[in-house]
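[1] What follows is a predicted protein model with its sequence.
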Amino acid sequence: MAKPYVLGIDIGGTNTVFGIVDARGQVIASDSIKTKKHAEFDDYVEELHASIERLLKLNEAEDKIQGIGIGAPNANYYTGEIVNPPNLPWGPVIPLAEKVSEAFNGIPVAVTNDANAAALGEMTYGAARGMNDFIMITLGTGVGSGIVINGRMVYGHDGNAGELGHLVMKRNNGRMCGCGRTGCLEAYCSATGVARTAREFLEIRQEPSLLRNIDIEDITSKDVYDAAIAGDKIAKDIFDYTGKILGEAFADMVAFSSPQAIILFGGLAKSGELLLKPLKESFDKSVMPIFRGKTEILISQLKESDAAVLGASALGWEAKRRLDSPIPPAQETAATPQ
């Protein structure tokens, strides 16, 4: 019998990355196309199909694809649609699963948002393998999350559950968030949130800082990291501030679902002890005594260059299983390769 593969597709605002993945989580080959090249979604799907077909042919895998998983902003697992997508040129409703499945002659397709895909990838191939209860937090341009309880991804009744990046951390005079509310975790603990904190600290405080050598509007979280590594006091304080808020948020998350672990992924997660030390101190101080010492805070084990494809590919195995044993989505367990 031919060795089975799935396709993992990650649709980002700039690039769409796709790859062929085997059951052990090995990315056999990958490639990418520009997401916004086409004004019409059908034209985008046509190019995506042609590019993937070339990759399959080069790797002698044309007839070995069992399922397709797609991670995308605002993708809904239940409907297979992207609804009001941020940073994408199509909408307001994109029939993603339907169109991609049609292009690939009916191969089953499952979709979800990018943070849920990351959680599925971590459970299938990474640090959460063997765990039934964990929370995945992605610290990138925004703060995303995927929640797994009793081995099942939490989607809610409408497919939109798990927006922990929009827990309100500052009830009074909080920062405006991109979601339209104020005081959200994302406004403080994303990469853009760290840059906002830097601008605020530099305006309020008078002491010297390496960050003052950069135009204040151009400061990024990477600049803050570089300055902190160089010993800059303000930059270190920015990480302390960010970690404190994250730790408080994690304490609330633990009270909600009592996870075995909270797993961090994304650019800020690579800051190491600069972020983890204040985060863990704040978490230990804030968590309810009954939960103390029961939840690990871990860094993702997925290779960054492969993580998006692996996360999406975990959905590909789920799409295959749904075809083999169709059951209502609410009863499904998380993806596991066969």
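    All right, it came through fine. Numbering: from 1, shown residues only.
[2] in this structure, what spans have low per-residue confidence?
    1-2, 325-338 (pLDDT under 70).
[3] and after the lengthiest helix in it, which helix or strand comes next?
    In the chain, with assignment by DSSP state H, the single longest helix is helix 233-257. Next along the chain after helix 233-257, taking DSSP states H and E as the criterion, comes strand 261-265.
[4] from the chain's centre, how far out does that next one sit?
    Between the centre of strand 261-265 and the centre of its chain there are 11 Å (Cα atoms, centre = their mean, to the nearest Å).
[5] what comes into contact with it?
    Contacting residues not belonging to strand 261-265 are listed as 118-119, 122, 126-128, 131, 134-139, 250, 253-254, 295-300, 302, 307 [Cβ atoms under 8 Å, 6 or more residues apart in numbering]. Backbone N, C-alpha and C define where each C-beta goes, glycine included.
[6] Apply 6 Å and report the result again.
    Residues from elsewhere that reach strand 261-265, judged by Cβ atoms under 6 Å, 6 or more residues apart in numbering: 118, 122, 127-128, 134-138, 250, 296-300.
[7] Same check on stretch 155-175?
    By Cβ under 6 Å, 6+ apart, the surrounding residues in contact with stretch 155-175 are 76-78, 142-147, 154, 179, 182-187, 245, 249.
[8] Are any of those residues buried, and if so which?
    Using 16 or more other Cβ atoms under 10 Å as the burial test, those include 76-77, 142-147, 154, 183-187, 245, 249 as buried.
[9] Buried residues, stretch 129-146. List them.
    131, 133-146.
[10] out of these, which are inside helices?
    Among the buried residues of stretch 129-146, no member lies in helices (by DSSP H).
[11] Disregarding flanking residues, what is the spatial nearest neighbour of the spatially most central residue of the chain?
    By Cα atoms, centre = their mean, the mean C-alpha position of the chain lies nearest to Ala115, the distance being 2.9 Å. Sequence neighbours aside, Gly144 is the residue nearest to Ala115 in space, at 3.0 Å (criterion: Cβ to Cβ, 6 or more residues apart in numbering).
[12] ok so, going back, now the angle from the longest helix of the chain to strand 261-265?
    Counting by axes from the mean of the first three to the mean of the last three Cα atoms, to 10 degrees, helix 233-257 lies at 140 degrees to strand 261-265.
[13] what does helix 233-257 contact?
    Contact partners of helix 233-257, identified using Cβ under 6 Å, 6+ apart, comprise 135, 149, 167, 169, 185, 188-189, 194, 197-198, 201, 209, 224, 227-228, 262, 274-275, 278-279, 282-283, 286-288, 291, 295.
[14] Ok, stretch 96-106 next?
    45, 49, 80, 82, 109, 111.
[15] do that again at 7 Å, thanks
    Applying Cβ atoms under 7 Å, 6 or more residues apart in numbering, the contact partners of stretch 96-106 are 41, 45, 49, 68, 70, 72, 75, 80-82, 107-111.
[16] next one: stretch 212-232
    With contact meaning Cβ under 7 Å, 6+ apart, stretch 212-232 is reached by 191, 194-195, 198-199, 202, 209-211, 235-236, 238-239, 267-268, 271, 274.
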